[in-house]
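K.L.:
attaching a predicted model along with its sequence, questions to come.
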Amino acid sequence: MSSTKSEFADTIYALATMAGKSAVSIFRLSGPRSLTVLKLLSGAGDITPRHAHYLTFRSPDTQEPIDQGLGIYFPKPHSFTGEEVVECQLHGSPAVIRHMLETLGQVDGLRPAEAGEFTRRAFINGKMDLMEAEGLADLIDSETSQQKSQALRQMQGGMSAQFETLRNDTIHCLALLEAYIDFPDEEIPESVLTSLQASLIDLRGKIQLMLSDQRRGERLRDGINVVILGAPNVGKSSLLNAIARRDVVIVSHQPGTTRDMVEIHVDIAGYPVVFVDTAGLRDSDDEIESEGIRRALERSRSADIRLVLFDGAQWPQLDDASRQLLDEQSLAVITKGDLLSTRPHHPVLPDVHYISTQSGEGIDALLQQIEKRIVGDYASHTAPFITRTRHRAFLEAALAHIDASMHKPDLELRCEELRLAAQSLGKITGKIQVDDVLDVIFRRFCIGK
């Protein structure tokens, strides 16, 4: 890493577990005074690294007992942060937590950790790169098995290795060109130029392949959007409540009740799915309702799956505004199926799903169809390497610089473009100075991580 290892003069501390009542509370310290503080609070003499010591923790000034628990010392550089690290495992009593934090706050040379500061120190000390740090943050936030799997793969360096390969290939091409700049009297053999061009074409193809992932990594991280659309009173809110199995949205016979979008998060086959209820589609003179309809149509354009609802009470008559939203991303859903005595074939909608939120008919079958689509979209492809917008932006920048390099007539200009391409790729993993992106990444962490 170009980020040099840093010896931080201060020692930080934080409660690394949730505040409140629990079986165990863990306090984490990192920095040069960590071991000294452990001995100060416990009166212990020799502390064996990476061994759990059963200790009585006391306030240094009054010797008042705080609690009995475990103290573990991790010497540098073999710790999470690369510094001296101490973990104190006490009981999860609110009184114990409060007393321990008050005591730590009174020790000279200690200060409370900022959000993400432990992981930031780990990055600066070379214990992980930026993508691995982001993977750790995603692992903490993961709510489904597929999110967890993606985050683990990123945290363990599986994605970083791919970007490092691209960066090294770029640097190799750059080195070939710079060698001839250093020896201007030497004519570049045609075979070298041909080989260089082939390498750049191959590199370009690999980046394009990564970028053509349909944003699966970002969607898996943030949630797959399923937007519910249709005319007023068609049953959109009732469907959302049925999927959530609770009353999330007010259901009323009065048209236009839903003005803004309402979301619920559901785990479907391990994938995070965001169902979105929207305003009913119709012409309206109401300013607020019109804005809700505009937002509904805007959200539908970015939806991964559209559930376009049609009123079974009006069947087989179709609402034109809803019918125009049907495409390969859509599922046509006929609501109020309990009101239909017959279900004839429809020439415009040959493939429809009948549901009734009153009886529950068809809800499970609709969810199974959504699951089939999602699993088909993800399981049939290789695992994505891009999980955040910043990865994609730097990849696109690298691709633009490689394209520019391939068309520059001057060797110095070609080298400069490749140098910029390598820098863009390096910013993904943090293999260059990246102070400008550190705050954006680490501020999302919780205190104590």
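P.N.:
Sure, I can see it.
K.L.:
quick one: least confident helix or strand in this protein?
P.N.:
In the chain, no helix or strand scores lower on mean pLDDT, DSSP states H and E than helix 435-442, which sits at a mean of 50.
K.L.:
which strand residues bridge Ile264?
P.N.:
Going by DSSP bridges, Ile264 is paired in beta bridges with Phe275.
K.L.:
that one: neighbour count?
P.N.:
18 (other CB atoms under 10 Å). For glycine as for every other residue, the C-beta is placed from the backbone atoms N, C-alpha and C.
K.L.:
tell me the contacts of it?
P.N.:
By CB atoms under 8 Å, 6 or more residues apart in numbering, the contact set of Ile264 is 240, 243-244, 248, 274-275.
K.L.:
let's see that with 10 Å instead.
P.N.:
Applying CB atoms under 10 Å, 6 or more residues apart in numbering to Ile264 gives the contacts 226, 240-241, 243-246, 248-249, 273-277.
K.L.:
same thing with Leu35?
P.N.:
Taking CB under 10 Å, 6+ apart, one finds 11, 29, 44, 47, 49, 71, 73-75, 84-86 in contact with Leu35.
K.L.:
try it again at 8 Å.
P.N.:
Neighbouring residues of Leu35 by CB under 8 Å, 6+ apart: 47, 73, 75, 84, 86.
K.L.:
measure it to Ile12 for me?
P.N.:
14 Å (CB to CB, to the nearest Å).
K.L.:
and if you look at Tyr271?
P.N.:
37 Å.
K.L.:
confidence score at Glu134?
P.N.:
For Glu134, the pLDDT comes out at 95.
K.L.:
and it, which of the three is it?
P.N.:
Look at Glu134: counting by DSSP: H, G, I helix; E, B strand; the rest coil, its state is helix.
K.L.:
unless I'm mixing things up, it is touching Gln154, no?
P.N.:
Yes - Glu134 is within contact range of Gln154, at 6.6 Å (criterion: CB atoms under 8 Å).
K.L.:
give the residues shared as contacts by those two.
P.N.:
Thr387.
K.L.:
from the recorded domain assignment, give the ranges for the protein.
P.N.:
Domain assignment for the chain, taken from automatic domain parsing, gives 11-127, 133-213+386-429, 220-379.
K.L.:
and Ile268, what pLDDT?
P.N.:
95.
K.L.:
so which strand or helix has the closest residue to it other than its chain neighbours?
P.N.:
With CB to CB, 6 or more residues apart in numbering as the criterion, Ile268 has its nearest non-adjacent residue at 5.1 Å, and that residue is Glu371. Under the criterion of DSSP states H and E, Glu371 resides in helix 363-379.
K.L.:
tell me what that helix is packed against?
P.N.:
Helices and strands touching helix 363-379, by 3 or more CB pairs under 8 Å, 6 or more residues apart in numbering; DSSP states H and E, are helix 216-222, helix 236-244, strand 262-268, strand 271-277, strand 305-311, strand 330-335, strand 352-354.
K.L.:
pick the most buried one from the ones you listed.
P.N.:
Comparing the helices and strands packed on helix 363-379 on average neighbours per residue, with mean count of other CB atoms under 10 Å, the densest one is strand 305-311 at a mean of 24.
K.L.:
list the buried residues in the longest helix that the chain contains.
P.N.:
Of all the segments of type helix in the chain, defined by DSSP state H, the longest one is helix 158-182. Buried residues in helix 158-182, counted by 16 or more other CB atoms under 10 Å: 158-160, 162-164, 166-167, 169-171, 173-174, 176-177, 180.
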